[in-house]
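Participant: Fold the following.
(chains A and B)
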Amino acid sequence: MVVFGTGLIGFVWYYFSPKYLAVGYTPAQPINFSHQLHAGELGLDCKYCHSTVEKTSFAALPSTATCMGCHNKVLSNSPRLALVRESFANKTPIPWVHVYSLPRYAHFDHNAHLSAGVGCISCHGRIDKMEVVSQTTPLSMGWCLECHRNPVPNLRPKGETTNMLYDPLTPEARAFASAAHSTGLIQPPQSCGACHY
Amino acid sequence: MAQQDNNAKLWRSLNDLSNSPEFLAKLDKEFPQGASQLEMREGMHRRKFLGLIGASMALAGVASTTGCIRRPKEQIYAENSRAENTLPGVPKHFATSAYVASGVLGLMVTSTDGRPTKIDGNISHPMNGGRSTQKGVGPSNSFAQAEILNLYDPDRGQQCLRKDAPVSKSDALSAFSTAFTATQKNGGEGTAILFETSFSPAFYHLLTQVQEKYPKMLLVEFDSTYSQNRRLGLSTLVQSPVDVSYQLSKANVVLSVDSDFLGTEGDSVCNANQFISSRNSNTNGLRMNRLYCVESGFSLTGAAADHRYALPNSQTVNFLASLASELARQGLVLPFTLKPTSELPVRLQKWTSALAKDLLQNKGKSAILISDRHPAWLHALVFSLNESLGALEAGILQVQTQNHFVNSHDLSSFAQKANKKGLQSVLIIGGNPAYNLPSDFDFPAFLNKIPNSFYLAFQPDETADYVTHYIPQTHFLETWGDTQASDGTHSICQPLIEPLFADCVNKYELIDQILCETPRTSYDIVSSYVESLPGNAKDFKTSWREWLSSGVVSLTKSLQTPKARNHSFIKNGYEGNKTIPNLPANSLHLEFSLDRSLYDGRYANNAWLQETPDSIHKLVWDNALLINPKTAQALGLSGLPKPGSSDVDLVSVECNGKKLEIAVWEVPGIADSTAVIQLGYGRSFGRVGENVGFNANQIRTSQTWFEPSAKITKTGRKYSLVSTQEHGSMSGTPGDAKDRTPPIRETTLTHFKSQPHFVHDDEVLPVAEQKNNLFAFPTDPSQSKWARQQWGMSIDLTSCIGCNACSVACQAENNISVVGKEEVFRNREMSWIRIDRYFTGEVDDPEIRSIFQPINCQHCENAPCEAVCPVTATAHSPDGLNDMAYNRCVGTRYCANNCPYKVRRYNFFNYSKADDERNPLYAMQKNPNVTVRFRGVMEKCSYCVQRINKAKTLASISNTQNLIEDGQLVTACQSVCPTGAIVFGDVADPKSSVSKRKSLPQDYSILGELNTKPRTTYLARIRNVNPEIG
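Facilitator: Below is the predicted model:
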């Protein structure tokens, strides 16, 4: 009985947690857009498409016009891009599927995190290796607080935020991060009202 | 007792004054009268409720076994192409302007991702404070704040109607233009346009063109508010069409005669701003202006007055005549002499002579304001008095050419012609005449005699039932236009959004249908009109863009004061004034006034305003026959429900041969033998406003706003009236009254000068101990960054005029739900700021006064609510906020129970969801930066934490210290306040404006003896009393 009880608690503890339920969520998208190709092989900067990430709380998806900026020349007849062309011609939005979604009572600001020097990789993982975007982190409150209590492992120079190959473990990188934390005032808030309002 | 003036007891209601045991019991409890019992809504039975709970549990079980806990698949719709300079989630602000209830206001509207979400004042517009060097959000009033909900009113007109059946827009418009253009060869014979008073010069320009094209057309301006008497009186006196506006900052002594210039009459935002600016004892080095008020009702102006006298309106003319002769006796040269018909009461005589002396001593710095409801000749009389007192010369009164359509006919000529069946087609623009016009003007009967009637209005309201065609009108946020304020300031209105419904038409384009072959757009009409104005620079395009951005057209107009004076108008008026006979038995003087929440009824379908408690009597979702307790007793009426009940007497009011049944409510401070009814209720339209309250227009006549006598008969039936006047009564320490400190502290200017620290006289806990605060937070050194700035608020009770603007602004900013009358009765209202109103003085004293105190969460450093929360859903942040994490709250309501200020609000039902389901468009108004709360969670004022967080992010990017500068961060209540009573900021910085406020000697905390160390503190109210009156 005790074993069963402990087992049940353990089962719920792990399998009902975002670590199990949220991580790995890889919904099919309406267009087979490959981050591996665009961000990885072609080396486009994240901010080329997600251009608002340093200006607002949203890392807004690119508008169809941004896609067509290249694809009116490149692969302009590819059947895989039919939906993009259709959207551009008819002025209809592309119905992307939300992957990293937060509950409505939690407010997150991309702008604040980027200006503090937190890289994309900290939350979104190696996006440059993903054929289809998949959630790599649980986005649970405990997980957020881990970094808000000790941000040092995730801090990097502002110019390196989109760099997927930046090595945070070099002595210089470590020195930079701890200096940013102590003297650069990169001290994330831990109070409820910082995110929940 | 050192607080000489505080000997007068402060009380919230008659139950409070008499220390009734029920009231005392209320003090100890957070939720009296069944608020905390589970009460099912209609149609919901306990067994069914349990069944539902069981079913949802079972569903949850199914869900967990199949493992589909993840929220449903969500789509993100990216824009097709992003407009230049737009960033998702970053709100934009647009300057515009509109006529909002009492006057024209400059507006600064917030648009979030293309949908307007909040309306504020435009600080560079003179009607909002006019700090022309500054750009941005400025003060406004509760009506302007609530207009945003009107835009999303689900009952607004959505399609054209012909005899109540939908028709296409093109059919309706062509029916309209054929009906009118067909008469062109006869010069427009048999047609009429009735339009609600507008403040748009471009619209009047269009009408002038219509008049040229159709010389025989009747153009009738009508006004359901009462500004016409003032214009008529002045224009007759000076023999040219003029109007007046005020510069009250220049006045030292002001007398108001029934005039609610701080509330519903005229440009209240501008008036309040200017009036309080020369009253602010902290900035003016202890110099204050003085306000006298003689009134029969109880207005906001009366509540703000240093001396108020409740005088039945039958005595008003006599009072003014006595004042004029007293002024003449004391040496003022007047162009006329008036002999008072009878002597004033002895006390008022003394009062009047002290007042006259004060007015004369401040000659050139004093002014008299009279209610717009009074007849025209009284306006002429008061204008003349003002002129003799030098107010015109000093610029306190400014006379300028009327910004109205001058060549209009009046309603009686329309009635005559309609009666003779001389009208074939009529267009009505706004104004809802079928509801708003008094009963003696039977508007529907006239409409029945006209074959083609077209009605352009925002809602298919009462009038729409009687017309052949109804055409939906755009909201002012959906169309181009212009406005002219009473001081001549010209502004352009720009649209923020396409009309929500394609059938909507604006008045410019509709009129243009019968003027031009190829109809123009409202943009063309307005811009070509502005371009044609004299004084325009050559480069019109550039100045047009500048004006759009600033919100004010910078073409100045010269003021001219006409020289002619027709003083015989005053004399004739006075002689023609009938002396009012003695009141018959069971009768009262009856007075009508515009409502402080619904105005003339145009906001009846606005749930925010319906639920805002009236400033004085605190009724929600109703109006009533307001009488004072003495009068109620004399007539044997009960207008004050027993605790635990809401039943009051329903009476029948008979006047001019018409009858109205209405509930009675007792308000101390209304003049003896006087009854006041507020307009705007008893509508028969709208899912919010229908059948709420009583329609006073049914017994009103177009002759007067003051009926000399109305017969009151008890019906024997009861009616439920809900008032919040006893809600949130605070007791502090239980036990002996002497251990409690008064929540309101008040004194006279003279006493304050001699005893600046008078507020501490009654303190039980030493003040040093109360103030030895500033949070020894945080213990965690990594959080020290966030503890450098400490937020606090200061509210000045001398400046607060109780206008409710903060309360409505908070509702708009923080997505606060509306709960309805029954729920308010159970103390379940959700407003985060309540305005407590206290009376001071004896109940039957005509000089009884009242004081307002806005109460929001006090953000105690030593917060009693935090200690009792079992799940730490409410906790302190390092910057001194009492945070509330909704998702953590389990709804024990312990916190609310332990809050001595009673500011916590609990979602007993899913109010927001219920409201959104009833009114599906409301969701578009919601502020995306504030969580919409759900059933079972506690909420309260957050000091606008969303704005603090936004400012923090900006500061962390823009400056190295990551500190928010003083003035960068403004709460919603602070920015809307027309008098600057609320100041918010960093209390850790001694140079911030809030710290400066808090260092003033009159600063105190409410219930300081509980050692809660609240961050919101108050500045005591100081009255500038005339020592001769006492």
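Participant: From the contact counts, what lies against the longest strand along chain B?
Facilitator: Assignment by DSSP state E gives strand B:706-720 as the longest strand of chain B. Where contact means 3 or more CB pairs under 8 Å, 6 or more residues apart in numbering or on different chains; DSSP states H and E, strand B:706-720 is packed against strand B:587-593, strand B:647-655. (Glycine included, C-beta is placed from N, CA and C.)
Participant: burial count for residue 76?
Facilitator: Going with chain A. By the measure other CB atoms under 10 Å in any protein chain shown, the count of residues near A:Ser76 is 11.
Participant: meant chain B actually
Facilitator: 15.
Participant: Wait, a strand at it?
Facilitator: Yes - the assignment for B:Ile76 by DSSP: H, G, I helix; E, B strand; the rest coil puts it in a strand.
Participant: any idea how far the longest strand of chain B is from the chain center?
Facilitator: Strand B:706-720 sits 27 Å away from the centroid of its parent chain (CA atoms, centre = their mean, to the nearest Å).
Participant: mind listing the strands in chain A by residue range?
Facilitator: Under DSSP E, chain A gives strands at A:95-97.
Participant: for the longest helix seen in chain A, packing partners?
Facilitator: Secondary structure of chain A per DSSP state H: the longest helix is helix A:2-15. For helix A:2-15, there is no helix or strand it packs on, judged by 3+ CB pairs under 8 Å, 6+ apart.
Participant: Please save the CA atoms from that helix in CSV.
Facilitator: This file holds the C-alpha atoms of helix A:2-15, laid out as CSV (Å, rounded to 0.1, in the frame of the first residue of the first chain):
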residue,chain,number,x,y,z
VAL,A,2,2.8,2.4,1.0
VAL,A,3,4.7,1.4,-2.1
PHE,A,4,1.6,2.0,-4.2
GLY,A,5,1.0,5.3,-2.6
THR,A,6,4.5,6.5,-3.0
GLY,A,7,4.4,5.2,-6.6
LEU,A,8,1.3,7.1,-7.3
ILE,A,9,2.7,10.3,-5.9
GLY,A,10,5.9,9.8,-7.8
PHE,A,11,3.9,9.1,-11.0
VAL,A,12,1.8,12.3,-10.6
TRP,A,13,4.9,14.3,-9.5
TYR,A,14,6.7,13.5,-12.8
TYR,A,15,4.1,12.7,-15.4
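Participant: what ranges of chain A fall below the confidence cut-off?
Facilitator: By pLDDT under 70, the weakly predicted segments of chain A are A:1.
Participant: Nearest residue to the middle of it?
Facilitator: A:His124 (3.3 Å; CA atoms, centre = their mean).
Participant: Could you find the closest non-adjacent residue to B:Glu147?
Facilitator: Using CB to CB, 6 or more residues apart in numbering or on different chains and skipping the chain neighbours, the partner closest in space to B:Glu147 is B:Ile119 (5.3 Å).
Participant: hang on, the one you found in a helix?
Facilitator: No - counting by three-state DSSP, B:Ile119 is not part of a helix but strand.
Participant: How many residues are close by it?
Facilitator: There are 29 residues near B:Ile119, going by other CB under 10 Å.
Participant: Please verify my assumption that it contacts B:Ser111.
Facilitator: No - under the criterion of CB atoms under 8 Å, B:Ile119 makes no contact with B:Ser111, lying 10.4 Å away.
Participant: ok so, going back, list the buried residues in the longest strand of chain B.
Facilitator: Residues of strand B:706-720 classed as buried by neighbour count (16 or more other CB atoms under 10 Å in any protein chain shown): B:706-712, B:719.
Participant: Could you work out the most separated pair of those residues?
Facilitator: Across those, the longest distance by CB to CB is 26.2 Å; it joins B:Pro708 and B:Tyr719.
Participant: Show me the one of the helices and strands packed on strand B:706-720 that comes nearest chain A.
Facilitator: strand B:587-593 (40.0 Å; CB to the nearest CB).
Participant: Please, where are all the helices along the stretch 751-900 of chain B?
Facilitator: Using DSSP state H, counting those that start in this stretch, the helices assigned to the stretch 751-900 of chain B run over residues B:767-771, B:805-813, B:821-825, B:864-868, B:894-898.
Participant: and B:Ser995, how many neighbours?
Facilitator: The local packing of B:Ser995 (other CB under 10 Å) involves 19 other residues.
Participant: and what of A:Ser87?
Facilitator: So A:Ser87, with other CB under 10 Å, has 23 neighbours.
Participant: Also B:Ser278?
Facilitator: B:Ser278 has 18 nearby residues by other CB under 10 Å.
Participant: And the one 10 residues further on, by the same measure?
Facilitator: Neighbour count for B:Met288, taken as other CB under 10 Å: 18.
Participant: distance between the ends of stretch A:144-154?
Facilitator: 12 Å (CA to CA, to the nearest Å).
Participant: again but with stretch B:642-658, I slipped
Facilitator: 31 Å.
Participant: Please point out which parts of it sit buried.
Facilitator: B:643, B:646, B:648-651, B:653-655, B:658.
Participant: and what of stretch A:7-22?
Facilitator: For stretch A:7-22, the neighbour count (16+ other CB under 10 Å) marks A:18-19, A:21-22 as buried.
Participant: so where do the helices sit in chain A?
Facilitator: A:2-15, A:18-21, A:35, A:46-49, A:64-71, A:82-90, A:110-116, A:121-124, A:141-149, A:171-182.
Participant: when you scan the shortest one, is anything in it near chain B?
Facilitator: No - Helix A:35 stays out of contact with chain B when judged by CB under 8 Å from any CB of the partner chain, the minimum separation being 15.4 Å.
Participant: what's the spacing between that helix and its chain's center?
Facilitator: 12 Å.
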